[in-house]
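>>> sequence plus the predicted model coming up.
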Amino acid sequence: MRVYPECIPCLIRQGLNAAEKLKLPEEKLFQIAQSGLKYLTQFNEFHFSPAYYAYHIQREVKRLTGEEDPFKEIKKISNRKALEILNNLNLEEILKEEPLRGALKLSAIGNILDFAILSEEEAFGKILQLLKKEFTVDDYESFKKDLKNSQRILILGDNAGEIVFDKVLVKVLKELGKEVVFVVKGKPILNDATLKEAKEVSMTQLCKVIDNGNDRVGTELSVASEEFLKEWEKADLVISKGQANFESLSSFREKTIYFLLTAKCNPVAREVGAKGKGNLVFKRNKPLAGK
C-alpha cells in the first residue's frame, strides 16, 4: 500500500500516542513530534508502505524515551478486558449458522479494540453493532475454496486484546482439521502482541505460536527470522490481521493471503474498496497469473 497525504499527520500522531502512554512532560512530547517531522520531511517521495515509516518513527520514540515498551500496561489491560468481553458474548449464537464465517467476523471485529480510547462498555457496544453488519469487502466464498485445498494455516496476529478474539477463529479452524500457526512480534512495538501477550491469553495452549523475530510495524519478510520464514514457506494459506499487515503485504503475490481487518482510516478503506472507514474487510490478495 502506498502512502497518502493523510498518512503524514497520522504517523506523527502515532508517535505522540506512544509517548503519551509514558506521561512525559510537554517539552519531551514536542521533541518527539519534531523528530517525527524531521524524519518524514527528508523524503521527496514515499516509496514504501505507511507501516515502514511508522516503524522508524516508533524506533525514535523508543530512543528518545528510553522505554522499549510504551504500551505494556495498555496491552495488559487490553487482554484482560477483551477476555471479559468475550465471556459476555453469546458465542453459540454468533457461530450457530456458519461457525467459520462467524469466527472470521468476530476476528475482524476484534481489530477495533483499543482500550486506550474505548471503555469496556463502549467496546462491547461497538462489537454488538458490528456483529449486525456484514463484510463490506467479502471474499469468503473464495476463502472456502482455498481452505478446502489447504492444510497448514498461518495467522499473522496484530494487537493485544484483539488476539483474544482470534482464539475463536483458531479453534474453528482446528475443528475443521487444519494445522494453525499463530505469529506475534519478536519485540514490543506499539500495542502489537508479543509472545508475552499470547501466553497471557493462553493462545500458546491452543496452537503453535511463533514470533517473527523483529519489531517492525506490519510484516517485513526481509528482516523476518528463519523460523518465521520456514513457517511462511510451509503455509498453504495466510490470514493477515489488521491494517499494518495489509499495508506491508498488500502487493505480495507469491502466496495466497486473506486480509482480515476493520478499516480504521480512509486511505486503507480506499485501498481495500471498503467504502469508508469502520467497515469489515475480508479480502484476498491478487494472485500471480495462473494461480
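Here it is on my side, so go on. Just so you know, these numbers come straight off a predicted model, no measurement behind them.

>>> distance of residue 66 from residue 19?
From residue 66 across to residue 19, the span is 11 Å (C-beta to C-beta, to the nearest Å). C-betas here are computed from N, CA, C, even on glycine.

>>> looking at the two now, which is surrounded by more residues?
residue 19 (24 against 7; other C-beta atoms under 10 Å).

>>> surely that one meets residue 34?
No: the pair residue 19 / residue 34 is not scored as a contact, 11.9 Å apart, by C-beta atoms under 8 Å.

>>> tell me which residues touch residue 67, please.
Neighbour list for residue 67: residue 22 [criterion: C-beta atoms under 8 Å, 6 or more residues apart in numbering].

>>> make sure I have this right: it is in a strand.
No: looking at residue 67 with DSSP: H, G, I helix; E, B strand; the rest coil, it is coil, so not inside a strand.

>>> may I have the secondary structure class of residue 282?
Three-state call for residue 282 (three-state DSSP): strand.

>>> leaving out chain neighbours, which residue sits closest to it?
Distances taken as C-beta to C-beta, 6 or more residues apart in numbering put residue 135 closest to residue 282, at 4.8 Å, once the chain neighbours are dropped.

>>> ok, that neighbour touching residue 284?
No: the pair residue 135 / residue 284 is not scored as a contact, 11.9 Å apart, by C-beta under 8 Å.

>>> so, low pLDDT: which residues of the protein?
Applying pLDDT under 70 to the chain flags residues 114-120, 288-291.

>>> the domain parsing of it - what is it?
Here the domain parsing of the chain from automatic domain parsing is 7-65, 72-284.

>>> what about the last one, distance to the chain center?
Read that as domain 72-284. Distance of domain 72-284 from the chain centroid (C-alpha atoms, centre = their mean, to the nearest Å) equals 6 Å.

>>> again, but for the shortest one
Relative to the mean C-alpha coordinate of its chain, domain 7-65 is positioned 19 Å out (C-alpha atoms, centre = their mean).

>>> just the endpoints, please. Distance across that domain?
23 Å (C-alpha to C-alpha, to the nearest Å).

>>> just give the closest residue to residue 71, not the sequence neighbours.
residue 191 (4.4 Å).

>>> tell me what the helix or strand hosting residue 38 is packed against?
If you go by DSSP states H and E, residue 38 is part of helix 26-40. Judged by 3 or more C-beta pairs under 8 Å, 6 or more residues apart in numbering; DSSP states H and E, helix 26-40 is in contact with helix 7-20, helix 50-65.

>>> which other residues reach the first one?
I take that to be helix 7-20. Here helix 7-20 makes contact (C-beta under 8 Å, 6+ apart) with 28-29, 32-33, 35-37, 40, 50, 53-54, 57-58, 60-61, 64-65, 70-71, 116, 190, 265, 267.

>>> pull out the buried members of those residues.
Applying 16 or more other C-beta atoms under 10 Å to those, the neighbour count classes 32, 35-36, 40, 50, 53-54, 57-58, 60-61, 65, 70-71, 190, 265, 267 as buried.

>>> closest one to residue 223 among the helices and strands packed on helix 26-40?
Within the helices and strands packed on helix 26-40, the stretch nearest residue 223 is helix 50-65; the backing value is 9.8 Å (C-beta to C-beta).

>>> skip ahead from the closest one and say which helix or strand is next.
With DSSP H and E, the next secondary element past helix 50-65 is helix 72-88.

>>> which residues touch that following helix?
Helix 72-88 has contacts (C-beta under 8 Å, 6+ apart) with 21, 69, 110, 113-116, 120, 123-124, 127, 159-165, 168, 188, 191, 193, 197, 200-201.

>>> just the buried ones from the residues you listed, in PyMOL syntax?
This is how PyMOL selects the buried members of the contacts of helix 72-88, with burial counted by 16+ other C-beta under 10 Å:
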select buried, resi 21+69+110+113+114+115+120+123+124+127+159+160+161+162+163+164+165+168+188+191+193+197+200+201
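
>>> so which of the contacts of helix 72-88 are in helices?
Among the contacts of helix 72-88, DSSP state H puts 120, 123, 124, 127, 162, 163, 164, 165, 168, 197, 200 in helices.

>>> quick one: contacts for the spatially closest residue to the second one that is not a sequence neighbour?
This points to residue 123. Excluding its sequence neighbours, the residue lying closest to residue 123 (C-beta to C-beta, 6+ apart) is residue 113, at 5.8 Å. Neighbour list for residue 113: 78, 81, 82, 123, 159, 161, 162, 165 [criterion: C-beta under 8 Å, 6+ apart].

>>> gap between residue 113 and residue 107?
Going from residue 113 to residue 107 by C-beta to C-beta gives 11 Å.

>>> many thanks, I have nothing further to ask.
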